[in-house]
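**Q** below is the structure, and that's it, no one-letter string:
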């Protein structure tokens, strides 16, 4: 049987040659006593940080603890508090776009909100313009609750193409970038883009963040951020000390709220499915994120539901941008699929009207069982949802 599974895998890989798949993960820490991390707009070299409790949906007026920021880092003990928190930071920083020493004022600090804090543990939380945007979004929802804070952090993370809470931005220097992860570098570059927007528009940090917040996910805001990023990494910009001279593939189309296409399976025989393939035909207005060579970013396809929990599941995909088709296959060599979601597809939408899931074509659908035999069960059906 293992030999058959191996042959099936080869067959699918051959069918979708030159393909790629993706996966994801994150920080699952869920408890704190000590709150620490990086405060950056760029790096705040000298400043103050304060951690506030949230009571009845509102940030309290008295801080749980206050500490110092030294070369961007802070660490404070909040005792035995449990619940949502807000961290505020202010102080001097070196502005990436101009090279000048500027100040985040105490009257308009940068903020970050977290939907949990549990007695007796520690966690790391960055405080940046992106976490401040998320804080503003949460406030706009009507109250600071665990749900609104998480939703706002997720929304801004999606718009900016990185996890704004569980990623620590690198310092915007060649030395720091040499050892930083791509996500850490991306975070620093987006913060530099915010500074570039400030310089281009001649606005304060507070005014810039207010404008970005009011237009979050709008075409105007996305254009401003993408143009600012391109300006910052231009080789002619002597204030760029990161060594990056082109916009990374991972930061294409920042500032937009993308969509998630979810493919689900239903039918009597889902549990017997160990592989399937389908051709998706995308309508105008749905775009998939690609590398500069046209191949899909690893993050486009993510296992969901039973596929995420089953072992060794592989997602294989080939994107034909000219014909707007995706040859997609899933191989679950150990089985374990159940009715429900199996694949999430990250996409962007463009145009004045958002396409619907029903606009995506599903064709050439094929299923195989553990022996490599085709399954012809007509009750097996894939469905797509878009949110």
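**A** Cool, the structure landed. Since the model is a prediction, treat every value here as computed from it, not as a measurement.
**Q** what ranges do the strands span in the stretch 101-250 of the chain?
**A** For the stretch 101-250 of the chain, applying DSSP state E, counting those that start in this stretch gives strands covering 101-104, 110-114, 121-124.
**Q** return the most buried member of these.
**A** Ranked by mean neighbour count, the strands of the stretch 101-250 of the chain are led by strand 110-114 with a mean of 26 (mean count of other CB atoms under 10 Å). Heads up, the C-betas are built off the backbone N, CA and C, glycines and all.
**Q** picking up where we left off before, between the strands of the stretch 101-250 of the chain, which gets nearest to residue 144?
**A** strand 110-114 (6.4 Å; CB to CB).
**Q** how far does the closest one sit from its chain's centre?
**A** Offset of strand 110-114 from its chain centre (CA atoms, centre = their mean, to the nearest Å): 17 Å.
**Q** pairing partners for that strand, with directions?
**A** Strand 110-114 pairs in its sheet with strand 85-94 (antiparallel), by DSSP bridges.
**Q** how far does the partner strand sit from the chain's center?
**A** 23 Å.
**Q** wait, what's in contact with residue 326?
**A** 279-280, 282, 288, 317-320 (CB atoms under 8 Å, 6 or more residues apart in numbering).
**Q** check the residues you listed and tell me the two furthest apart.
**A** Once CB to CB is applied, the contacts of residue 326 give 279 and 288 as the farthest pair, at 14.1 Å.
**Q** of the two, which one has the most company?
**A** Neighbour totals were compared for residue 279 and residue 288, and residue 288 leads with 20 against 17 (other CB atoms under 10 Å).
**Q** ok, the more buried one to residue 145 distance?
**A** 34 Å (CB to CB, to the nearest Å).
**Q** low-confidence regions, the chain specifically.
**A** 1-32, 118-119, 257-258, 292, 350-353 (pLDDT under 70).
**Q** all helices for it, in order.
**A** Remark: helices assigned in the chain by DSSP state H are 2-15, 129-140, 146-160, 174-179, 182-201, 205-214, 219-233, 305-309.
**Q** show me how the chain divides into domains.
**A** 2-25+258-386, 33-159, 174-251 (automatic domain parsing).
**Q** distance to residue 167 added to those, as CSV?
**A** Shown next, in CSV, are the domains of the chain (distance: least, CB to CB, whole Å):
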stretch, distance to residue 167
domain 2-25+258-386, 12
domain 33-159, 7
domain 174-251, 5
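**Q** highest mean neighbour count out of those domains?
**A** Using mean count of other CB under 10 Å, domain 33-159 ranks as the most buried of the domains of the chain, with a mean of 19.
**Q** any idea which residue sits dead centre in the chain?
**A** residue 162 (3.5 Å; CA atoms, centre = their mean).
**Q** quick one, phi psi at it?
**A** Recorded main-chain torsions at residue 162 are phi -160, psi 160, according to degrees, to the nearest 10.
**Q** hmm, residue 189 and it touching each other?
**A** No - with contact defined as CB atoms under 8 Å, residue 162 does not reach residue 189; the gap is 10.0 Å.
**Q** so how far does stretch 103-113 reach from one end to the other?
**A** 21 Å (CA to CA, to the nearest Å).
**Q** what's in contact with that stretch?
**A** Residues beyond stretch 103-113 that count as contacts (CB under 8 Å, 6+ apart) turn out to be 39, 41, 44, 47-48, 54, 84-93, 125-129, 131-132, 134-135, 138, 144, 149, 152-153, 165, 204-206.
**Q** nearest to residue 240, of the helices of the chain?
**A** helix 219-233 (5.6 Å).
**Q** what's near enough to touch residue 364?
**A** 277-279 are the contacts of residue 364 under CB under 8 Å, 6+ apart.
**Q** kindly report the same for residue 168.
**A** Counted by CB under 8 Å, 6+ apart, residue 168 has contacts 37-38, 124, 126, 184, 187.
**Q** 10 Å instead?
**A** Residues near residue 168 by CB atoms under 10 Å, 6 or more residues apart in numbering: 37-38, 40, 72-73, 124-126, 128, 180-181, 183-184, 187-188.
**Q** then residue 265?
**A** 273, 276, 305-307, 330, 337-343, 367, 380-383.
**Q** try residue 186
**A** 160-162, 167, 169-170, 180, 244, 248, 250-251, 254.
**Q** mind doing that once more with 8 Å?
**A** By CB under 8 Å, 6+ apart, the contact list for residue 186 reads 161-162, 248, 250-251.
**Q** out of the residues you listed, flag the one nearest to residue 194.
**A** residue 251 (12.9 Å).
**Q** save the contacts of residue 186 as a markdown table, and put in distance to residue 101 too.
**A** Listed next are those as a markdown table, based on distance: CB to CB, whole Å:
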| residue | distance to residue 101 |
| --- | --- |
| 161 | 29 |
| 162 | 27 |
| 248 | 27 |
| 250 | 30 |
| 251 | 26 |
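**Q** of all those residues, which two lie farthest apart?
**A** Spatial extent of these (CB to CB) is set by the pair 162 and 248 at 10.8 Å.
**Q** any idea how far residue 187 is from residue 169?
**A** Taking CB to CB, one finds residue 187 at 4 Å from residue 169.
**Q** so residue 299 makes contact with residue 346?
**A** Yes - using CB under 8 Å, residue 299 is in contact with residue 346, at 6.1 Å.
**Q** now do the shared contacts for these two.
**A** Joint contacts of residue 299 and residue 346 (CB under 8 Å, 6+ apart) are residue 289.
**Q** so who does residue 251 touch?
**A** Residues in contact with residue 251 (CB under 8 Å, 6+ apart) are 161, 186, 189-190, 229.
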